[in-house]
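[1] predicted coordinates and the sequence they were generated for:
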Amino acid sequence: MDVRALIKKEVLGQKAYAVDLSDCPVKLDANENPHRLSPAAATVLHDALRDVALNRYPDPEARKLRDRLSALYGVPREMILAGNGSDELIQILLAVLRTGGEGGGVLLPVPTFAMYGITAVNMGHRVTEVPLDGDFDLPDGFAGRWVEGENPDIVFLAYPNNPTGNCFSRGKMEEVLDAAKGFVVVDEAYGPFSGKTFLPEVERRENLVILRTFSKVGFAAIRLGVLIGSPVLLGELNKVRLPYNLNALTQAMGARLLDHGEELDRQVLAIVKGREELFRELQKMEGIRPFPSDANFILFRCAYDKDRVYKGLLERGVLVKSFASPPVLRDCFRVSVGTEEENRAFVAALRDVVGTCR
């Protein structure tokens, strides 16, 4: 039997999303929050988990969690869908959209978060990629894709953008929202670090969909993503969403995490402070060009042999994200903002490696 003969050509042509499994003392490749919860907050979460009935299915609609999220975001519960990370919510969105000749496809500014394109292609959508401009902003005329009749069904705009770290200009984002005849997904995974959001627009714009996640503010392990959109859209998404998609442990933890908003806010402020300090240190290094960031990471260009730099950092116990594509990023790395100690270790290691490359 030829197994591959039964697989969609779109899947055969893809590569699996790559996660570096290197074991490093200083792990700064995945945009995680480096800070753990205080012992008091951790105890509250452990207590919440003890009350979960593991012999029962979870609430299929995650109602308690969505009530808490409704209060947090200031929108009705009917506009909120909770998922197994933002990745699942992206997949559900693309599953309800028409494919093939009927639809206008998926529009992506690139470079951006890889899972938009991977998921779209694997589901049979036509994907159009438009390069960002020299400042990593949306190019002039981006909104013209609808004005000129191309009519994409959906566009994904990460805000701030991953991996470039910047927020696209507000005016260009609004041009897209005004022109779009399809859905505009504003992915605010890194929104807590920028202080910028389109959430106040969501109730008056039926085509606007906002994604949030708990992963970047300290809870990547529980895989909790949030989609906010019109009740009409959510009615259709719930037809595709698998039953019991969000496990009971994540529902319980997510609801209780919202009791510790002040602690999470302090951690976000610490990361933003560390980001600015890290940026200044990178600016001082010859042959290293960091790009301004609104997120919890910094993209930087390296003038030296990239493989040598990457291996040199690994040898010194530091893991960062290295890019092989697209071409505009081939000489770039992305480093997550760590603790003060981790940031110092990274800076010292990079300075040492750069010194051997000159």
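    Received, thanks.
[2] my read is that L72 contacts L258, right?
    Yes: with contact defined as CB atoms under 8 Å, L72 reaches L258; the gap is 6.0 Å. C-beta coordinates here come from the backbone N, C-alpha and C atoms, glycine included.
[3] residue boundaries of the strands in the stretch 251-358 of the chain?
    Along the stretch 251-358 of the chain, the stretches classed as strands by DSSP state E, counting those that start in this stretch are 288-290, 297-302, 318-319, 321-322, 332-336.
[4] and those strands: which comes nearest E78?
    Nearest of the strands of the stretch 251-358 of the chain to E78, taken as CB to CB: strand 297-302 at 34.1 Å.
[5] ok, and what's touching the closest one?
    With contact meaning CB atoms under 8 Å, 6 or more residues apart in numbering, strand 297-302 is reached by 31, 162-165, 275, 278-279, 282, 287-291, 293, 309, 329, 331-337.
[6] mind running it again at 6 Å?
    31, 163-165, 279, 282, 288-291, 309, 331-336 (CB atoms under 6 Å, 6 or more residues apart in numbering).
[7] are any of these buried, and which?
    31, 163-165, 279, 282, 288, 290-291, 309, 331-336 (16 or more other CB atoms under 10 Å).
[8] which among those residues gets closest to G225?
    The nearest member of the buried ones among the contacts of strand 297-302 to G225, counting by CB to CB, is N31 at 14.5 Å.
[9] JSON lines for the strands of the stretch 251-358 of the chain, including distance to A42?
    As requested, these are arranged in JSON lines below (distance: least, CB to CB, whole Å):
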{"stretch": "strand 288-290", "distance to A42": "34"}
{"stretch": "strand 297-302", "distance to A42": "25"}
{"stretch": "strand 318-319", "distance to A42": "25"}
{"stretch": "strand 321-322", "distance to A42": "28"}
{"stretch": "strand 332-336", "distance to A42": "22"}
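[10] now those strands in JSON lines, with distance to K64 and mean pLDDT?
    Formatted as JSON lines, the strands of the stretch 251-358 of the chain follow (distance: least, CB to CB, whole Å; pLDDT from 0 to 100):
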{"stretch": "strand 288-290", "distance to K64": "42", "mean pLDDT": "98"}
{"stretch": "strand 297-302", "distance to K64": "33", "mean pLDDT": "98"}
{"stretch": "strand 318-319", "distance to K64": "37", "mean pLDDT": "97"}
{"stretch": "strand 321-322", "distance to K64": "36", "mean pLDDT": "96"}
{"stretch": "strand 332-336", "distance to K64": "32", "mean pLDDT": "98"}
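[11] show me what contacts the closest residue to K306 other than its chain neighbours?
    Nearest residue to K306, sequence neighbours excluded (CB to CB, 6 or more residues apart in numbering): D331, at 5.9 Å. Each residue near D331 by CB under 6 Å, 6+ apart is listed here: R301, C302, K306.
[12] gap between D331 and R289?
    With distances taken as CB to CB, to the nearest Å, D331 is found 9 Å from R289.
[13] now do the helices in the stretch 51-200 of the chain.
    63-73, 85-96, 114-122, 144-147, 170-179 (DSSP state H, counting those that start in this stretch).
[14] and the buried ones among the contacts of strand 297-302, which is closest to E10?
    Set against E10, the nearest of the buried ones among the contacts of strand 297-302 by CB to CB is P163 (23.8 Å).
[15] need the phi and psi values for the closest one.
    phi -110, psi 10 (degrees, to the nearest 10).
[16] touching, it and R334? I think so.
    Yes: assessed by CB atoms under 6 Å, P163 is found in contact with R334 at 4.9 Å.
[17] okay, the residue nearest in space to the middle of the chain: pLDDT?
    Ranked by distance to the mean C-alpha position of the chain (CA atoms, centre = their mean), the top residue is A189 at 4.6 Å. What the model reports for A189 is a pLDDT of 98.
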